[in-house]
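K.L.:
structure for this input, please:
(one chain, ligands or ions: 1)
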Amino acid sequence: MHKVASKAVDWAAIRKDFPILEQSVHGQPLIYFDNAASSQKPRAVVNAIRDYYERDHANVHRGLHALSMRATEAYENSRQRVADYIGASSANEVIFTRGTTEGINLVAAAWGGKFLHSGDVVLLTEMEHHSNLVPWQLLAEHSGVRLRFVPVEEDGTLALDEIDSLLTSEVKLFAFTHISNSLGTINPVAELCRKAKAVGAVTLVDAAQSAGHYPLDVQELGCDFLAFSGHKMCGPTGIGALYGRAEILDSMPPYHGGGEMIVSVTLEKSVFKKAPHRFEAGTPNIAGAIGLAAAMDYIDGIGRPAICQHDSELTRRAIDGMSSIPGLRIIGPTHDPGTLVSFVMQSAHPHDLTTYADRSGLAMRGGHHCNQPLMRKFGLPGTTRASFYFYNTAAEVDRMIEILQAAARFFS
Ligand SMILES: Cc1ncc(COP(=O)(O)O)c(C=O)c1O
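P.N.:
Below is the predicted model of the structure:
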């Protein structure tokens with residue numbers, strides 16, 4: 001990941017945009033370090049959704065009245081906003097989904113269902129979230145498609161020197177995460193896409209953990225698909241986007257059937273709209289799309305270069321502080337800190353440690369993080385994960401270290 005200079009940002013003022021952070025939990029000030037699971041929402045996003053419902057709501061694409069036209073315009077403007085945010089060449093390359101999970105399932109069902117055949121290989125990595133594993137298992141079960149995995153090294157990085165031997169001509173798709181949600185590993189997306197392209201494989205990037213933190217440009221990355229979720233990047237739940245390169249989307253059959261995605265229907269058959277509307281059957285999440293666009297405006301108002309620098313500084317501080325805690329071991333790379341740190345304490349199960357921290361107002365995630373095969377590989381029941389966002393502070397990280405020191409004494 002390239003390092004970029006941070007502009008001067010008033011982080012304390014930004015934090016005030018998140019009223020939820022002002023509360024106490026169990027009598028202690030809330031420290032919210034569960035951002036990799038879901039981020040909090042600024043007032044600007046909540047207001048955008050409320051304004052839409054109070055002023056403009058109607059169904060989209062089919063109304064011949066003012067409200068419907070306004071709603072349609074707002075919905076389609078949001079699509080353009082997403083395209084700009086990820087550097088897509090056209091809004092037609094952006095499909096609104098429920099989130100990363102649905103985006104990957106859409107690719108597996110619509111693209112995989114048509115283009116993958118018995119004997120073809122889908123290359124994944126051992127660090128994939130279940131949402132980039134189970135859809136491929138479901139496809140493999142009935143199609144004869146085989147799954148192959150790039151191993152994860154002891155230090156939590158991908159075995160990059162094995163990529164060339166794994167990327168054989170049988171590989172038709174390489175689907176991998178940009179940032180591991182349980183290790184924090186940042187994968188070299190552009191390099192992996194270039195290698196996949198060289199053998200003619202299509203690429204899908206799971207950007208669930210990167211879209212809210214890092215500048216993303218799908219054309220620079222050279223990927224064919226990219227999926228992410230709004231709720232991890234200041235947007236509402238139930239909305240996300242799938243980017244697909246235009247010529248690939250145009251070659252794909254629909255995913256779901258229903259209203260909004262057709263040109264004409266007879267009792268026998270239907271003619272479908274072009275992408276992206278072909279992939280959005282039924283009334284879409286209009287308010288969600290508007291909220292997602294507002295989240296993107298908010299994030300870019302701060303600046304993604306500043307955000308990723310801020311978040312990696314907090315991660316660095318956390319890693320340094322944890323080095324002094326007896327029995328605590330960090331799981332994942334420590335040399336190029338991203339946005340989260342995953343760790344285990346010798347004397348405490350991750351659930352017990354995470355519950356202990358909650359008693360002090362510190363919200364983290366404890367468990368397998370939807371990465372069961374990876375946890376099994378590391379011989380762990382799970383980890384505790386602290387994940388940071390731009391509204392978190394160095395003082396909160398220092399307080400987390402104090403709480404973990406107390407936990408180490410408590411459990412020893
Ligand atoms: C790397 C990664 N991929 C996919 C997902 C699934 O995202 P969603 O549940 O929003 O679909 C997550 C969620 O934690 C994730 O961290």
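
K.L.:
helices of the stretch 51-200 of the chain, residue ranges please.
P.N.:
66-86, 100-106, 113-115, 134-143, 163-166, 189-198 (DSSP state H, counting those that start in this stretch).

K.L.:
going by neighbour count, list what's buried in the fifth one.
P.N.:
Buried residues in helix 163-166, counting neighbours by 16 or more other C-beta atoms under 10 Å, are found at I163, L166. In this view, the C-beta of every residue, glycine as well, is placed from N, C-alpha and C.

K.L.:
also the shortest one?
P.N.:
By neighbour count on 16+ other C-beta under 10 Å, the buried set for helix 113-115 is empty.

K.L.:
also the longest one?
P.N.:
By 16+ other C-beta under 10 Å, the buried positions in helix 66-86 come out as 68, 70-72, 74-75, 78-79, 81-83, 85-86.

K.L.:
got the residues of this structure near the ligand?
P.N.:
Applying C-beta under 6 Å from any ligand atom, one finds that the chain approaches the ligand through A37, G99, T100, T101, H129, S131, T177, N181, D206, A208, Q209, S229.

K.L.:
which among the residues you listed count as buried?
P.N.:
Among those, those that count as buried by neighbour count (16+ other C-beta under 10 Å) are G99, T100, T101, H129, S131, T177, N181, D206, A208, Q209, S229.

K.L.:
tabulate those (TSV), appending pLDDT.
P.N.:
As requested, those are exported to TSV (pLDDT from 0 to 100):
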residue	pLDDT
G99	98
T100	98
T101	98
H129	97
S131	98
T177	98
N181	97
D206	98
A208	98
Q209	98
S229	98
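
K.L.:
okay, now A12: neighbour count?
P.N.:
Using other C-beta atoms under 10 Å, A12 has 9 neighbouring residues.

K.L.:
can you pull the pLDDT of it?
P.N.:
Looking at A12, its pLDDT reads 97.

K.L.:
same question, R62
P.N.:
pLDDT, R62: 80.

K.L.:
and for T97?
P.N.:
Looking at T97, its pLDDT is 98.

K.L.:
identify the bridge partners of it.
P.N.:
Beta-bridge partners of T97, counted by DSSP bridges, are G240.

K.L.:
ok, it - contacts?
P.N.:
G103, L106, A227, I239, G240, A241, L242 (C-beta atoms under 8 Å, 6 or more residues apart in numbering).

K.L.:
from these, pick the one nearest the ligand.
P.N.:
Taking C-beta to the nearest ligand atom as the measure, the ligand lies nearest G240 of the contacts of T97, at 6.3 Å.

K.L.:
ok, the closest one - contacts?
P.N.:
96-100, 102-103, 227-231, 292.

K.L.:
let's have these in CSV, adding distance to P135.
P.N.:
Formatted as CSV, the contacts of G240 follow (distance: C-beta to C-beta, whole Å):
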residue, distance to P135
F96, 18
T97, 13
R98, 13
G99, 13
T100, 11
E102, 10
G103, 10
A227, 11
F228, 16
S229, 15
G230, 20
H231, 19
L292, 22
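
K.L.:
one step back: reformat the contacts of T97 as CSV; add pLDDT.
P.N.:
CSV is the format used below for the contacts of T97 (pLDDT from 0 to 100):
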residue, pLDDT
G103, 98
L106, 98
A227, 98
I239, 98
G240, 98
A241, 98
L242, 98
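
K.L.:
in the residues you listed, find the pair that's most separated.
P.N.:
Greatest spacing in the contacts of T97, by C-beta to C-beta: L106 and I239 (14.1 Å).

K.L.:
neighbour-wise, which of these two wins?
P.N.:
Higher neighbour count among L106 and I239: I239, with 27 against 24, using other C-beta under 10 Å.

K.L.:
what's the burial count for the residue lying closest to the more buried one once chain neighbours are set aside?
P.N.:
Nearest residue to I239, sequence neighbours excluded (C-beta to C-beta, 6 or more residues apart in numbering): G288, at 3.1 Å. Neighbour count of G288, defined by other C-beta under 10 Å: 24.

K.L.:
hang on, the earlier thing: just the ones of the residues of the chain next to the ligand in strands?
P.N.:
Among the residues of the chain next to the ligand, the members falling in strands (DSSP state E) are T177, D206, S229.

K.L.:
re the thing from before, now, which of the buried ones among the residues of the chain next to the ligand sits nearest S342?
P.N.:
For these, the nearest to S342 is N181 (9.0 Å; C-beta to C-beta).

K.L.:
quick check: that closest one touching S210?
P.N.:
No: N181 is beyond contact range of S210, at 10.3 Å (criterion: C-beta atoms under 8 Å).

K.L.:
low-confidence ranges, the stretch 151-300 of the chain, go.
P.N.:
Along the stretch 151-300 of the chain, no part satisfies pLDDT under 70.

K.L.:
how about the strands in it?
P.N.:
Under the criterion DSSP state E, counting those that start in this stretch, the stretch 151-300 of the chain carries strands at the ranges 171-177, 202-206, 225-229, 240-244, 262-265, 270-272.

K.L.:
now do the contacts for R399.
P.N.:
Going by C-beta under 8 Å, 6+ apart, R399 touches I31, L362.

K.L.:
wait, F176 sits on D206?
P.N.:
Yes: assessed by C-beta under 8 Å, F176 is found in contact with D206 at 6.9 Å.

K.L.:
spit out the residues that contact those two alike.
P.N.:
Contacts common to F176 and D206, judged by C-beta under 8 Å, 6+ apart, are E128, N132.
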